[in-house]
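> Sequence first, then the predicted structure, then my questions.
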Amino acid sequence: MIHTILKDKPTKLFVALTAFFVANALIAECIGGKLFSLERLFGLAPHPFTLLGESGLTFTLTCGVLLWPLEFVMTDIVNEYYGPRAVKRISYIAIGLICYAFLMFYLAIQVPAETSFWVGSQKDSGIPDMQAAFSGIFGQGMWIIAGSLVAFLVSQLVDVWVFHKIKKVTGEKKVWLRSTGSTIISQLVDSFIVLFIAFKIGKGWSYQRVIAIGLVNYAYKFTMAVVLTPLIYLMEKMIEKYVGKEATEQMKKAAMAHESE
């Protein structure tokens with residue numbers, strides 16, 4: 001029986017999608033502590049602007065946004081072929097492993113550092129205290145962690161719901177509408193939940209500032225959702241080629257059947 005399961009292409013595909021989904025989510029959380037300038041990434045000078053009375057805004061984003069759009073593409077692919085229960089299951093797995101990772105980061109930070117060599121080992125590279133650098137990178141604030149995890153879970157559930165509501169209306173047609181539409185709506189939810197928890201509750205920001213910065217972040221996410229739409233079609237073609245047309249049709253029907261249960 002085990003060999004039959006391991007040889008089953010839909011099963012192997014689900015394992016691969018789940019592994020990438022979880023790894024992508026964990027990596028995004030780990031690199032999310034770094035901020036970057038989107039303008040400078042494209043060789044442009046930042047031009048501060050004012051939005052909702054908040055001045056000095058630029059497209060300064062967390063590096064986590066480099067990977068999160070892919071996460072929602074993967075959500076839509078799993079949703080299309082395996083249904084909402086599969087998306088929820090891999091989302092819970094991802095959240096559990098992210099929590100586990102942050103616990104291990106915390107324990108690693110608390111372990112006494114080796115002071116005779118390691119702490120000062122990178123002084124020549126401009127890092128006088130490796131323990132402080134390690135703690136700064138992996139020791140994200142609890143409000144940021146909480147905000148990120150809650151936003152991830154809620155946005156995933158919203159994505160699943162919107163995706164299938166659209167699919168009920170369009171059927172197998174208009175893949176772009178249900179994929180891009182569900183991502184655009186779920187990313188809107190994600191953008192504001194994480195800022196509200198991490199910075200309104202955690203740091204005391206004003207609602208005005210949360211909304212202004214949330215809109216700036218969402219502008220990037222909205223753009224990426226549209227830009228990555230062709231990737232959905234590419235992945236569907238690859239899956240159909242790997243699993244077979246008849247099998248993919250059966251998987252999609254089964255996914256919709258599970259949604260209606």
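Now that the structure is in, tell me what you want to look at.

> Okay, now the unreliable bits of the stretch 101-250 of the chain?
The model of the stretch 101-250 of the chain has no residue with pLDDT under 70.

> Mind jotting down where the helices sit in it?
Taking DSSP state H, counting those that start in this stretch as the criterion, the stretch 101-250 of the chain contains helices spanning 130-138, 142-170, 175-195, 207-227, 229-243, 245-260.

> Distance check, the residue positioned nearest the centre of the chain against residue 219.
Nearest residue to the geometric centre of the chain (C-alpha atoms, centre = their mean): residue 68, 3.1 Å. Computed with C-beta to C-beta, to the nearest Å, the distance linking residue 68 and residue 219 is 14 Å. From N, CA and C alone the C-beta is placed, and that goes for glycine too.

> likewise residue 150?
When distance is defined by C-beta to C-beta, residue 150 is 22 Å away from residue 219.

> For these two, work out which one has more neighbours and name it.
Counting neighbours by other C-beta atoms under 10 Å for residue 150 and for residue 219 shows that residue 150 has the greater number, 17 against 14.

> Tell me which residues touch that one, please.
Taking C-beta atoms under 8 Å, 6 or more residues apart in numbering as the criterion, residue 150 is in contact with 193-194, 197.

> Between the helices of the stretch 101-250 of the chain, which one is closest to residue 12.
Nearest to residue 12 among the helices of the stretch 101-250 of the chain is helix 229-243 (8.9 Å), distances taken as C-beta to C-beta.

> on that earlier part again, and the helices of the stretch 101-250 of the chain, which is most packed in?
Among the helices of the stretch 101-250 of the chain, the stretch with the highest mean neighbour count (mean count of other C-beta atoms under 10 Å) is helix 175-195, at a mean of 22.

> Tell me, how many residues neighbour residue 55?
Residue 55, neighbours per other C-beta under 10 Å, totals 9.

> List the residues that contact it.
Listed by C-beta under 8 Å, 6+ apart, the contact partners of residue 55 are 48-49.

> do the same with residue 131
Shown here is residue 131, whose contacts under the criterion C-beta under 8 Å, 6+ apart are 113, 118-119.

> of those, buried ones?
Among the contacts of residue 131, those classed as buried by neighbour count (16 or more other C-beta atoms under 10 Å) are residue 119.

> Surely residue 77 and residue 240 touch.
No: contact between residue 77 and residue 240 fails when scored by C-beta atoms under 8 Å: they sit 11.9 Å apart.

> can you tell me how far residue 217 sits from residue 224?
With distances defined as C-beta to C-beta, the gap from residue 217 to residue 224 amounts to 11 Å.

> intersection of neighbour lists for those two?
In the contact map built from C-beta under 8 Å, 6+ apart, the residues linked to both residue 217 and residue 224 are residue 65.

> picking up where we left off before, now the helices of the stretch 101-250 of the chain as a markdown table including distance to residue 63?
As requested, these are exported to a markdown table (distance: least, C-beta to C-beta, whole Å):
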| stretch | distance to residue 63 |
| --- | --- |
| helix 130-138 | 12 |
| helix 142-170 | 13 |
| helix 175-195 | 14 |
| helix 207-227 | 12 |
| helix 229-243 | 20 |
| helix 245-260 | 33 |
